[in-house]
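Participant: Sharing a model prediction with you, sequence too.
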Amino acid sequence: MKRPLFSNVLTVPYTSYFRTFFTLKSVTRRSDGHSWFSSPDGVCFYSTPAPAPECATGYHGISPFASFECSPLLHESAKSSYSAHKCMMSGSETAEAAHGNANRTRSRSHQDDTLLIRLLPVSARHQLCVHLDSLDVWQQLATAVKLYPEQVEQIRHQKDRGRSPSNEFMNIWGGQYNHTVQSLFALFKKLKLHHAMRMIKDYVSEDLHKYIPRSLPTISDLRAPPDSNSKIDNGPPFPSSSGVSNSNNNRTTTSTMSEEIPSLESLGNIHISTVQRAAESLLKIDYLELERATDSWCPENRLGQGGFGEVYKGEWKQLDVAIKVMNYRSPNIDKNQVELQQSYNELKYLNTIRHDNILALYGYSINGDKPCLVYQLMKGGSLENRLRAHKSQQPLPALTWMQRFSICHGTAKGIYFLHTARNTPLIHGDIKPANILLDQCLQPKIGDFGLAREGPKSINAVMQVKKVFGTRIYLPPEFRNSKQLSTGVDVYSFGIVLLEVFTGRQVTDRLPKNDHHQDLLHYVKQNWAQSQQHRLELLDKHLPMPLGEELDMCLCAIEMGLQCTALETQDRPSMNGVLNRFKPFRIDF
Ligand SMILES: Nc1ncnc2c1ncn2[C@@H]1O[C@H](COP(=O)(O)OP(=O)(O)OP(=O)(O)O)[C@@H](O)[C@H]1O
């Protein structure tokens, strides 16, 4: 048989290769008798003049680089599809072994091998797109198959219009070029999109299922492909879990603003490898140890329920810990993704920032039923719960004025650290009493870094973001309405916390029209402006009226609350300003 004309040619048994993996799409016979054809997957094959492909049983040259009979797109996608295929075949399965499997595979799932992407059931395609969109990997997909720039633009345009970029990618790659679900599967494998592989596994040959990793995705599974040097898009964080679900939150007024879930790789201007490094330096804990620590997740050890999972207390290595169990296997894909993204944010930031007033993250576990994050146990619960504890069925004494001041002071120090510790300020984005946790000595620690993100380069600068995130009632107007992000967002939220803590009232946005009495900000402003007597009226009635220096301290806290919640960002103090104002007061309890 005449050998192919190209040096870079792989030869495999024609029958095994095609029957197992591909159905021929087109054949182009050249005048010299050589044939070129491509699989629907875009792999280009080269055939010598005889025998004809239809009846060939011998060896044929297969050249992923033999492209000039195909469009450049097909050529390029051929390269990636071919290398993905080669990668699948490597090691465990040679071409000859594949040959042995050919008939079995063909008879069992021939249908699966050839299903075109455009024929995927609507619901499966929809779910897949939701998943891929949440990862924001359309550019990686487009790059991997080398779409034309105008096609990339077309996808971007659809995205800008609020449409699914992944769907548009599939319209182009799957629609115009007739690619199969199997080639999509190979593409996902190449990009290490293992969950996406799982989502379409029912539409590819069972023999390919072995390429899906059995375990839950690991940190490295979710990272960008090694050859990707794409910088992370500086998109917004995803919505606060507290806004997605308030299952254990007795506040009826909390709501979050968000428009869509951004990319796994878009949580701040940090390359995904940074996240991976953060996770790698963190302790990886065996799931069985956590099971033991919590008496097999005994209900008595359950501390509460957050938006994306339950929190248990446990004793692990003689250490009191709180374990957040992620509902990774929830059928809701969106929620899974948000949850994973939140975990990554926590890994990324909590693992790199050490401060007395920032919650300590000890480690994580991903080798069990569900991913877990392991934190320092905060025996005093959240400030949110503590502020209401005197009203609960098993009441605790109300927090004293000094305790309240000390908690706010510690929280201010934590926020100040976030804003100033690194070259670029870190904005927490969800400062509220539910995210301020207290240890047994009532020392506060800021938790829930799910929405944290890097802000503008300097502490005073403002940056325009695409989407708003956080808990609406704690967000300042310039962020809510004009998407202007700055450290002033945290300052404003902290101001609301101060007002809540010292008035004992909850901020609310569910007010009857024209009823300003319950609007915390309005109520405080009005009273503050009237007289000293009205100012005293503002203080929480559950406690005896403070006297002397303690009274000054309480009034100072309310005054700072009002300054921090100034409508204009530039009128708000920095966290340093807040701390300086608090300095004269001795914390002593
Ligand atoms: N490190 C911890 N120590 C003690 N209790 C904790 C700890 N972390 C969380 N909790 C408690 O577990 C419960 C759930 O916490 P989680 O952070 O999951 O949710 P949340 O912040 O209340 O809500 P969301 O996640 O929706 O913002 C809360 O009641 C919280 O007080």
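Facilitator: That came through fine.

Participant: Tell me which residue in the protein sits closest to the ligand.
Facilitator: For the chain and the ligand, the shortest gap (C-beta to the nearest ligand atom) falls at residue 306, measuring 2.0 Å. In this view, the C-beta of every residue, glycine as well, is placed from N, C-alpha and C.

Participant: That residue and residue 326 touch, don't they?
Facilitator: No - applying C-beta atoms under 8 Å, one finds residue 306 not in contact with residue 326, separated by 9.7 Å.

Participant: which residues are common contacts for the two?
Facilitator: In terms of C-beta atoms under 8 Å, 6 or more residues apart in numbering, residue 306 and residue 326 are not both contacted by any residue.

Participant: Tell me which of the two has more neighbours.
Facilitator: For residue 306 versus residue 326, the count of surrounding residues by other C-beta atoms under 10 Å is larger for residue 306: 25 against 22.

Participant: I'd guessed residue 293 sits against residue 316; true?
Facilitator: Yes - judged on C-beta under 8 Å, residue 293 makes contact with residue 316 at a distance of 4.0 Å.

Participant: Tell me which of the two has more neighbours.
Facilitator: residue 293 (22 against 18).

Participant: Contacts only, for that one.
Facilitator: Applying C-beta under 8 Å, 6+ apart, we find residue 293 in contact with 314, 315, 316, 321, 323.

Participant: Out of those, which end up buried?
Facilitator: The neighbour-count test (16 or more other C-beta atoms under 10 Å) marks 314, 316, 321, 323 as buried among the contacts of residue 293.

Participant: Out of those, give me the two with the largest separation.
Facilitator: Among the buried ones among the contacts of residue 293, the pair separated by the greatest distance (C-beta to C-beta) is 316 and 323, at 7.9 Å.

Participant: shared neighbours, these two?
Facilitator: 290, 293, 374.

Participant: Which ones among those map onto strands?
Facilitator: Secondary structure from DSSP state E places residue 374 of the shared contacts of residue 316 and residue 323 in strands.

Participant: With distance to the ligand and pLDDT as new columns, can the shared contacts of residue 316 and residue 323 be given to me in TSV?
Facilitator: Converted to TSV, those look like this (distance: C-beta to the nearest ligand atom, whole Å; pLDDT from 0 to 100):
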residue	distance to the ligand	pLDDT
290	14	96
293	14	96
374	9	94
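
Participant: right, and out of the shared contacts of residue 316 and residue 323, which lies closest to residue 535?
Facilitator: Using C-beta to C-beta, the shared contacts of residue 316 and residue 323 come closest to residue 535 at residue 374, 44.7 Å.

Participant: partner residues bridging that closest one?
Facilitator: Beta-bridge partners for residue 374, by DSSP bridges, are residue 323, residue 363.

Participant: my read: it touches residue 320, true?
Facilitator: No - using C-beta under 8 Å, residue 374 makes no contact with residue 320, being 10.9 Å away.

Participant: Look at those two and report which has more neighbours.
Facilitator: Remark: of residue 374 and residue 320, residue 374 carries more neighbours, 24 against 14, as counted by other C-beta under 10 Å.

Participant: Report the contact partners of residue 459.
Facilitator: Contacts of residue 459 (C-beta under 8 Å, 6+ apart): 419, 420, 425, 487, 574.

Participant: Tell me which helix or strand in this protein has the weakest average pLDDT.
Facilitator: helix 241-244 (a mean of 29; mean pLDDT, DSSP states H and E).

Participant: so what pLDDT did the closest residue to residue 380 other than its chain neighbours get?
Facilitator: Sequence neighbours aside, residue 438 is the residue nearest to residue 380 in space, at 3.0 Å (criterion: C-beta to C-beta, 6 or more residues apart in numbering). pLDDT, residue 438: 97.

Participant: thought residue 438 was touching residue 407?
Facilitator: Yes - using C-beta under 8 Å, residue 438 is in contact with residue 407, at 6.8 Å.

Participant: list residues touching both of the two?
Facilitator: 383, 444.

Participant: When those two are compared, which one has more neighbours?
Facilitator: residue 407 (25 against 21).

Participant: C-terminal to the helix or strand containing the more buried one, what's the next element?
Facilitator: Per DSSP states H and E, residue 407 falls inside helix 401-420. Using DSSP H and E, the helix or strand that follows helix 401-420 in sequence is strand 426-427.

Participant: pull the CA atoms of stretch 395-408 into PDB?
Facilitator: Provided in PDB are the C-alpha atoms of stretch 395-408 (Å, rounded to 0.1, in the frame of the first residue of the first chain):
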ATOM      1  CA  PRO A 395     -32.700  33.500  76.400                       C
ATOM      2  CA  LEU A 396     -29.200  34.700  77.000                       C
ATOM      3  CA  PRO A 397     -28.500  38.000  78.700                       C
ATOM      4  CA  ALA A 398     -28.500  40.900  76.200                       C
ATOM      5  CA  LEU A 399     -25.000  41.900  75.100                       C
ATOM      6  CA  THR A 400     -23.700  44.800  77.300                       C
ATOM      7  CA  TRP A 401     -22.800  48.200  75.800                       C
ATOM      8  CA  MET A 402     -19.200  47.400  76.300                       C
ATOM      9  CA  GLN A 403     -19.500  44.000  74.600                       C
ATOM     10  CA  ARG A 404     -21.300  45.600  71.700                       C
ATOM     11  CA  PHE A 405     -18.600  48.200  71.400                       C
ATOM     12  CA  SER A 406     -15.800  45.600  71.600                       C
ATOM     13  CA  ILE A 407     -17.500  43.500  68.900                       C
ATOM     14  CA  CYS A 408     -17.800  46.500  66.600                       C
END
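
Participant: Same question for that stretch: list its buried residues.
Facilitator: 398, 399, 401, 402, 403, 404, 405, 406, 407, 408.

Participant: Likewise for stretch 463-481?
Facilitator: 465, 467-476, 478-480.

Participant: Tabulate those residues (TSV), appending distance to the ligand, secondary structure and pLDDT.
Facilitator: What follows is the buried residues of stretch 463-481, written out as TSV (distance: C-beta to the nearest ligand atom, whole Å; DSSP: H, G, I helix; E, B strand; the rest coil; pLDDT from 0 to 100):
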residue	distance to the ligand	secondary structure	pLDDT
465	20	coil	90
467	18	coil	83
468	17	coil	86
469	12	coil	82
470	11	coil	87
471	8	strand	89
472	14	helix	89
473	14	helix	91
474	12	helix	95
475	15	coil	95
476	19	coil	96
478	23	helix	96
479	18	helix	95
480	19	helix	93
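
Participant: Take the buried residues of stretch 395-408 and lay them out in CSV including distance to the ligand.
Facilitator: Shown next, in CSV, are these (distance: C-beta to the nearest ligand atom, whole Å):
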residue, distance to the ligand
398, 18
399, 15
401, 23
402, 23
403, 17
404, 18
405, 21
406, 19
407, 14
408, 18
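
Participant: and which of those residues is nearest residue 284?
Facilitator: Ranked by distance to residue 284 (C-beta to C-beta), those are led by residue 407 at 33.1 Å.

Participant: shouldn't the closest one be in contact with residue 439?
Facilitator: No - if you go by C-beta under 8 Å, residue 407 and residue 439 don't touch, sitting 10.8 Å apart.

Participant: which among the buried residues of stretch 395-408 gets closest to residue 496?
Facilitator: Of all the buried residues of stretch 395-408, residue 408 has the smallest distance to residue 496: 11.6 Å, by C-beta to C-beta.

Participant: List the contacts of the closest one.
Facilitator: Taking C-beta under 8 Å, 6+ apart, one finds 494, 497, 498, 501, 557, 582 in contact with residue 408.

Participant: now do residue 164
Facilitator: By C-beta under 8 Å, 6+ apart, the contact set of residue 164 is 129, 130, 133, 158.

Participant: go on, residue 507?
Facilitator: Residue 507 sits in contact with 253, 473, 474, 496, 499, 500, 520, 521, where contact means C-beta under 8 Å, 6+ apart.

Participant: Ranking by neighbours, what's the top pick from these?
Facilitator: Sorting the contacts of residue 507 by how many neighbours each has (other C-beta under 10 Å) puts residue 474 first, at 27 neighbours.
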